[in-house]
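Asker: Dropping the sequence and predicted coords here.
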Amino acid sequence: MTLVLDASAVIDLLLRSDCGGRVRQALSAYDIDELTTVAHLDAEVFSGLARLHRGGELDADEIAELLLRLADLAVTRMPITRELLEAAWALRNNIAARDALYVASAQALNASLLTTDGSLARTVPSLVGEL
């Protein structure tokens, strides 16, 4: 089985939140052949962590440690190709552009999408791995 991780799942995983615990459980429950994501994951996670820092939820040292763990994350990052952009664009009426890239990747790979974003999960329930 191939799983596509989105930024919400990775942030929760890095933060070791309750949702991150469910992500870890899901990852251990699946017989995973490949764990993948889209190349913009790192920028999206970086932005999310910076937002948490600006909000005073995490200090600079905590962010530095999380960024090291992000860089070491053993996930294949798919390049953003013309075909992926076209597939994501076709989803524009229902899904935010950044999320559409994860959904289009999961569709292209015939994979499940692992997300902790409830809104996204409700939008594409047939693709979402159980958490």
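Answerer: Okay, I see it.

Asker: Val23 versus His40, what's the distance?
Answerer: Distance, His40 to Val23, by Cβ to Cβ, to the nearest Å: 19 Å. Placement of C-beta: from N, CA and C, glycine included.

Asker: Revised request: answer the last question for Asn94.
Answerer: 24 Å.

Asker: These two: which is more packed in?
Answerer: Higher neighbour count among Asn94 and Val23: Val23, with 25 against 11, using other Cβ atoms under 10 Å.

Asker: Hmm, the more buried one is touching Leu13, no?
Answerer: Yes. Val23 is in contact with Leu13 according to Cβ atoms under 8 Å; the separation is 4.8 Å.

Asker: Can you classify Leu13 as helix, strand or coil?
Answerer: helix (DSSP: H, G, I helix; E, B strand; the rest coil).

Asker: Tell me the pLDDT of it.
Answerer: pLDDT recorded at Leu13 is 95.

Asker: Just list the residues touching it, thanks.
Answerer: Leu5, Gly20, Val23, Arg24 (Cβ atoms under 8 Å, 6 or more residues apart in numbering).
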